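Engineer: Below is the sequence, then the predicted model.
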Amino acid sequence: MTVQDIRAFNRFYTNVIGALDYSRHLYAPYTLTESRVLYELAHSPRTDAADLRTELSLDAGYLSRILNKFEQDGLIERAPSQQDPRRRRVSLTARGRERADLLAERANESVGALLATVPSADRPRLSAAMRTVRELLSEGRPPRREDVVLREPGPGDLGWIVQRNAALYAAEYGWNADYEGLVARIVADFAEDHDPHLERVWIAELDGRPVGCVMCVRDEAPATARLRLLLVEPDARGLGIGDRLVRAVVDFARGVGYRDLVLWTNDVLSAARHIYRRHGFALVAEKPHRSFGKDLIGQDWRLDLTGTGE
């Protein structure tokens with residue numbers, strides 16, 4: 001392979017996906033770079049400007065001009081970082097999230113139309129080829145947040161949720177098969193009878209393999225959704241996957257009209273509890289119990305979806 005081979009492929013692929021074709025209004029009224037900044041902010045609700053600059057390899061002045069434009073348009077808010085007052089935290093407003101969702105919808109439609117031209121029998125080969133390119137060109141580089149995609153479950157993914165929950169909680173917390181039985185019932189109930197307009201599962205995928213999951217299902221209480229089975233694989237932690245999964249549930253639940261989002265967890269799951277708190281959940285009750293072969297403290301958390309959700 002030569003340099004010219006790669007450059008020819010780059011020209012071919014950017015033309016296929018319309019990266020430079022602004023007549024398609026894929027990014028309008030934003031440039032490709034501005035759209036990418038919106039994407040990063042949408043998938044990391046609390047991001048320092050310095051993090052954005054590093055993640056996207058942008059000139060500081062250029063990024064500052066983009067953020068100034070976004071702030072003038074009411075898409076973002078900036079405030080001192082809680083970790084370091086010298087840094088500036090950037091977060092999307094409700095209007096900014098709407099704009100990011102619109103761009104994401106356009107991109108999904110565009111890619112969906114492209115994929116529709118590929119015969120079903122050839123799609124596994126295409127997926128494997130794309131995965132090979134990514135693996136070879138990123139060898140030795142640690143995974144980045146942008147490498148993770150959230151998608152709907154495919155064949156076998158619901159079984160994966162059961163298997164990985166059982167194995168992971170046994171390894172990390174010593175929980176017995178009772179927990180596997182609970183997860184299996186939750187997943188089976190969803191698989192056999194769920195309303196796709198009001199209930200959903202997300203799979204986080206990294207380099208072609210599932211590394212996380214979460215569910216949003218209807219609760220018994222009126223106008224209330226329940227977050228269930230949040231999980232992130234140990235080797236994929238630190239990429240903001242838990243935050244993205246919880247944000248997906250919150251945005252979905254609010255978007256379809258739920259008024260409250262609730263969840264049940266245990267006090268030993270400290271990392272998950274930190275994520276819930278960051279997204280505005282409040283602890284409303286806790287009670288000791290004996291489950292999964294352990295003495296635990298169960299906790300009920302609630303988020304009012306009629307507020308900001310922050």
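Structural biologist: Happy to help now that I have it.

Engineer: Which residues are in contact with Arg53?
Structural biologist: Asp59, Ala60, Leu63 (CB atoms under 8 Å, 6 or more residues apart in numbering). (C-beta placed from N, C-alpha, C; glycine too.)

Engineer: so how far is Arg99 from it?
Structural biologist: Remark: distance between Arg53 and Arg99 (CB to CB, to the nearest Å) = 21 Å.

Engineer: on that earlier part again, which of the contacts of Arg53 fall within helices?
Structural biologist: Under the assignment DSSP state H, the contacts of Arg53 contribute Ala60, Leu63 to helices.

Engineer: List the contacts of the spatially closest residue to Ala204 that is not a sequence neighbour.
Structural biologist: Nearest residue to Ala204, sequence neighbours excluded (CB to CB, 6 or more residues apart in numbering): Gly212, at 3.3 Å. Shown in contact with Gly212 (CB under 8 Å, 6+ apart): Val148, Ile203, Ala204, Leu230, Leu231, Val232, Glu233, Ala236, Ile241, Gly242, Leu245.

Engineer: so which of those residues comes closest to His43?
Structural biologist: Nearest to His43 among the contacts of Gly212 is Val148, at 8.4 Å by CB to CB.

Engineer: contacting residues for the residue lying closest to the closest one once chain neighbours are set aside?
Structural biologist: Once flanking residues are discounted, Val148 sits nearest to Leu206: 5.1 Å by CB to CB, 6+ apart. Listed by CB under 8 Å, 6+ apart, the contact partners of Leu206 are Pro143, Asp147, Val148, Ala236, Leu239.

Engineer: Is Leu206 bridged to anything, and to what?
Structural biologist: Judged by DSSP bridges, the bridge partners of Leu206 are Val148, Arg209.

Engineer: Helix or strand: which one has the closest residue to Leu92 other than its chain neighbours?
Structural biologist: Closest residue to Leu92 apart from its sequence neighbours, by CB to CB, 6+ apart: Leu41 at 4.9 Å. Using DSSP states H and E, Leu41 sits in helix 32-42.

Engineer: what's that helix packed up against?
Structural biologist: Using 3 or more CB pairs under 8 Å, 6 or more residues apart in numbering; DSSP states H and E, the elements in contact with helix 32-42 are helix 49-56, helix 60-72, strand 88-92, helix 94-116.

Engineer: What strands line up against the third one, and which way round?
Structural biologist: Meaning strand 88-92. strand 47-48 (antiparallel), strand 76-80 (antiparallel).

Engineer: hmm, who's touching the first one?
Structural biologist: Spelled out, it's strand 47-48. So strand 47-48 is contacted by Glu40, Leu41, Ser81, Gln83, Asp84, Arg87, Arg88, Arg89, Val90, Ser91 (CB under 8 Å, 6+ apart).

Engineer: Filter the residues you listed down to the buried ones, ChimeraX style.
Structural biologist: Of the contacts of strand 47-48, the buried ones can be selected in ChimeraX as follows, counting by 16 or more other CB atoms under 10 Å:
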select :40,41,81,88,89,90,91
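
Engineer: just to revisit the earlier point, report the two of the contacts of Gly212 separated the most.
Structural biologist: Maximum distance among those (CB to CB): 14.7 Å, for Val148 and Leu230.

Engineer: the helices in this structure, which residues?
Structural biologist: According to DSSP H, the helices that the chain contains are 3-17, 32-42, 49-56, 60-72, 94-116, 123-137, 157-173, 177-192, 241-255, 270-278.

Engineer: Kindly reformat the contacts of Gly212 as a markdown table containing pLDDT.
Structural biologist: Formatted as a markdown table, these follow (pLDDT from 0 to 100):
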| residue | pLDDT |
| --- | --- |
| Val148 | 87 |
| Ile203 | 95 |
| Ala204 | 94 |
| Leu230 | 97 |
| Leu231 | 96 |
| Val232 | 96 |
| Glu233 | 95 |
| Ala236 | 91 |
| Ile241 | 93 |
| Gly242 | 94 |
| Leu245 | 95 |
